[in-house]
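> Give me the fold of what follows.
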Amino acid sequence: MTVTMGKALNAALRDAMREDDSVLMFGEDVGALGGVFRVTDGLTAEFGDDRCFDTPLAEAGIVGLAVGMAMNGFRPVVEMQFDAFAYPAFEQIASHVAKMRNRTRGAIGLPMVIRVPYAGGIGGVEHHSDSSEAYYAHTPGLKVVTPATVADAYSLLREAIADPDPVVFMEAKKLYWAKDEVTLPVTTEPFGTAVVRREGSDATLVAYGPAVPVALEAAEAAAADGRSLEVVDLRTLVPFDDATVAASVRRTGRCVVVAEATGFAGVSAEIAARVQERCFHSLWAPVLRVTGWDVPFPPPVLEKYQLPGVDRILDTVDRLQWDDVPDPRFLAGSR
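Below you'll find the model as predicted:
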């Protein structure tokens, strides 16, 4: 059956709510409207407005309410509507959501999910297209998840809802309409497991969320020129799968990290550092990155220049010292 990512997320919420009465869904316009992106469509009609309901336009209040409910036996799922709208709630997230288990010496966990539609690609203006994942990934105590496929959207959201600790669930807005042949329910790899989406031998593209389809498109274009690029989809930023990423880079000897977010002090910088630390003696070129520019998100007419594209990825791959370095496939035994 052909399913969009938005429908897969809706199915995951619906199935979780059917199986467990403690699962609740609330946020701005998630009730009768079904959410800005219709991810919660039909949930209020099926489960009633005591289990899927609208809240005031107060993100700190939304997350604060979820904290109290999670402390008292519920499994709340909240929607921030747009990435940058979540910033008023960040004090709650960093000070309480992320720290409650540690603060109580393990006595109180917070089984809650914070859904954050994020990133660009929909022609949105500022405050509607931020990539805010670095804030959450940098905050100990949070799991950070970002699916790039329809199957992962369903499976990872179900796992997030079942998790005993808080999960920030980053949903790439431009992928809501991505389609795939999937039979739901579906179970994919668990948290902390990256997946090789395309095998290759010349270089590794490490990507997550909205950058994964772009990396795959770049790998397809590179193949037409005789260059074999492997694509690794991280799936979860926290926990991070060092083993899969390092194994891929050790095979290919080269690495480019692709991310929509700005580059400075971002998740892409952390990935590059981890690859360099673990794969230094296998690298035939520096680890490079293709990211958004270090500026506030531009107006829609300039969005295409902000987001990493196939040409920028291929240009970066061309900088990986191909002419003056031996092919690592023939020297693997010497390292």
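
> so who does residue 148 touch?
Shown in contact with residue 148 (C-beta atoms under 8 Å, 6 or more residues apart in numbering): 172, 175, 207-213, 233, 235. For every residue, glycine as well, the C-beta is placed using N, CA and C.

> Which one (most neighbours) among those residues?
Neighbour tally across those (other C-beta atoms under 10 Å): the maximum, 32 neighbours, falls on residue 211.

> Sketch out the low-pLDDT regions of the stretch 201-335 of the chain for me.
For the stretch 201-335 of the chain, residues meeting the criterion pLDDT under 70 lie at 324-335.

> switch to 50 and redo it
Counting by pLDDT under 50, the stretch 201-335 of the chain contains low-confidence residues at 333-335.

> how about the helices in it?
211-224, 242-252, 267-279, 303-306, 310-317 (DSSP state H, counting those that start in this stretch).

> Run the chain-centre distance for the second one.
So the one you mean is helix 242-252. Here helix 242-252 is found 20 Å from its chain centre; the criterion is C-alpha atoms, centre = their mean, to the nearest Å.

> For it, list every residue counted as buried.
Within helix 242-252, the residues scored as buried using 16 or more other C-beta atoms under 10 Å are 242, 244-252.

> can you check the last one too?
Using 16+ other C-beta under 10 Å as the burial criterion, the residues of helix 310-317 that qualify are 310, 312-314, 316-317.

> name the helices or strands packed onto that helix?
For helix 310-317, the elements it packs on are helix 211-224, strand 255-262, strand 288-292, judged by 3 or more C-beta pairs under 8 Å, 6 or more residues apart in numbering; DSSP states H and E.

> how about 6 Å then?
In this structure, helix 310-317 makes packing contacts with helix 211-224, strand 288-292, judged by 3 or more C-beta pairs under 6 Å, 6 or more residues apart in numbering; DSSP states H and E.

> thinking in terms of the whole chain, how far from its middle is the longest one?
Read that as helix 211-224. Once both centres are worked out by C-alpha atoms, centre = their mean, helix 211-224 turns out to sit 18 Å from its chain's centre.

> Just the CA trace of it, in CSV.
What follows is the C-alpha trace of helix 211-224 in CSV, where atoms were taken according to Å, rounded to 0.1, in the frame of the first residue of the first chain:
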residue,chain,number,x,y,z
ALA,A,211,19.1,15.5,4.0
VAL,A,212,18.8,11.7,3.4
PRO,A,213,16.8,11.9,0.1
VAL,A,214,19.2,14.6,-1.2
ALA,A,215,22.2,12.5,-0.3
LEU,A,216,20.6,9.5,-2.2
GLU,A,217,20.0,11.7,-5.2
ALA,A,218,23.6,12.9,-5.1
ALA,A,219,24.8,9.3,-5.0
GLU,A,220,22.7,8.4,-8.0
ALA,A,221,24.1,11.4,-9.9
ALA,A,222,27.7,10.4,-8.9
ALA,A,223,27.1,6.9,-10.1
ALA,A,224,26.5,8.3,-13.6
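
> residues making contact with it?
148, 198, 205, 207, 229, 231, 233, 258-260, 310, 313-314 (C-beta atoms under 6 Å, 6 or more residues apart in numbering).

> any idea which of those is closest to residue 298?
residue 260 (12.8 Å; C-beta to C-beta).

> roughly how far apart are the closest one and residue 250?
To residue 250, residue 260 is 26 Å away according to C-beta to C-beta, to the nearest Å.

> Then residue 243?
Noted for residue 243: a distance of 11 Å to residue 250, by C-beta to C-beta.

> again, but for residue 224
The gap separating residue 224 from residue 250 is 26 Å, by C-beta to C-beta.
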